[in-house]
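Asks: okay, predicted coordinates and the sequence, questions at the end:
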Amino acid sequence: MHQFVARVAFAAFVAFASMPATSSVADAASPQRAAVIDVQYRPVRGCSPVEAVQKARWAGLRNARVTHMTPKRVAVSGRGYRGWEQMWFANVRGCPLIRR
């Protein structure tokens, strides 16, 4: 019997506590909300320069830097085993290597 009373009291408390929250939500939907800024985040669809440099460093280039970027490819130059080298990555998700 004690558990039943405790559950009923808790349910009444939750119902009572949620009543002011509904009025504040209606107030927030009014057109006078200037403090709220709607921002839409979109994922990166192409090859980011940071990701291209990381992949070039992982492949063995030192001092890797993005030297050229077009809508189709990203060029990363750096110091390799044989001197200065350049790697080309496709400007799509995942940065696949085109040529080295």
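Replies: Sure, I can see it. Numbering: from 1, shown residues only.
Asks: run through the strands of the protein in chain order.
Replies: Secondary structure of the chain (DSSP state E): strands located at 62-69, 73-80, 83-90, 97-99.
Asks: contact partners of the shortest one?
Replies: Residues outside strand 97-99 that contact it (Cβ atoms under 8 Å, 6 or more residues apart in numbering) are 55, 59, 73, 87-90. The C-beta positions use only the backbone N, C-alpha and C, and glycine is treated the same way.
Asks: okay, and the beta partners of the spatially closest residue to Leu61 that is not a sequence neighbour?
Replies: Once flanking residues are discounted, Leu61 sits nearest to Gly78: 3.3 Å by Cβ to Cβ, 6 or more residues apart in numbering. Beta-bridge partners for Gly78, by DSSP bridges, are Glu85.
Asks: count the neighbours of Gly78 for me.
Replies: 19 (other Cβ atoms under 10 Å).
Asks: OK, contacts around it?
Replies: 56-57, 61-65, 84-85, 87.
Asks: out of those, give me the one that has the most neighbours.
Replies: That'd be Ala56 among the contacts of Gly78, by other Cβ under 10 Å, with 28 neighbours.
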